[in-house]
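Novice: With the input below, show me the fold.
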Amino acid sequence: MRSTWPTHRRRRASQNVRCKKRRLKLAKIESPIQRKLKQLQKLIPGCNQMDAEALFRRTASYIFFLKTQVSFLKNLATINGL
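Specialist: Next up is the predicted model:
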């Protein structure tokens with residue numbers, strides 16, 4: 001059975017499909033930095049879909065929070081004689 005579309009439209013449609021596939025393939029390729037940023041986003045609470053600058057600021061404050069928490073717990077353990 002012959003297609004009802006003219007040849008130039010069929011050709012253009014197949015080119016669009018190839019272009020879409022190529023764009024999707026390129027979108028899946030990530031640089032090592034992008035992969036590491038995604039890993040960091042998973043480690044820091046509340047950092048989903050955040051730009052790099054905000055992610056670094058949030059990471060710094062989270063590290064400070066963790067250090068403060070460890071210090072507090074060490075002092076608490078020393079007071080209770082553990």
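Novice: the helices in this protein, which residues?
Specialist: Using DSSP state H, the helices of the chain run over 7-28, 32-43, 52-79.
Novice: which helices and strands sit right next to the shortest one?
Specialist: Helices and strands in packing contact with helix 32-43 are listed as helix 52-79; criterion 3 or more C-beta pairs under 8 Å, 6 or more residues apart in numbering; DSSP states H and E. Backbone N, C-alpha and C define where each C-beta goes, glycine included.
Novice: buried stuff in the helix it packs on?
Specialist: 55, 58-59 (16 or more other C-beta atoms under 10 Å).
Novice: angle of that helix against helix 32-43?
Specialist: Helix 52-79 and helix 32-43 meet at an angle of 40 degrees, taking axes from the mean of the first three to the mean of the last three C-alpha atoms, to 10 degrees as the criterion.
Novice: same for helix 52-79, what does it pack against?
Specialist: Against helix 52-79 (3+ C-beta pairs under 8 Å, 6+ apart) you get helix 32-43.
Novice: For the helix it packs on, buried residues please.
Specialist: Using 16+ other C-beta under 10 Å as the test for burial, helix 32-43 gives 37, 40-41.
Novice: Tell me which residues touch Ile44, please.
Specialist: 55, 58-59, 62 (C-beta atoms under 8 Å, 6 or more residues apart in numbering).
Novice: Turn those into JSON lines, columns for pLDDT.
Specialist: Formatted as JSON lines, the contacts of Ile44 follow (pLDDT from 0 to 100):
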{"residue": "Leu55", "pLDDT": "94"}
{"residue": "Arg58", "pLDDT": "95"}
{"residue": "Thr59", "pLDDT": "96"}
{"residue": "Tyr62", "pLDDT": "96"}
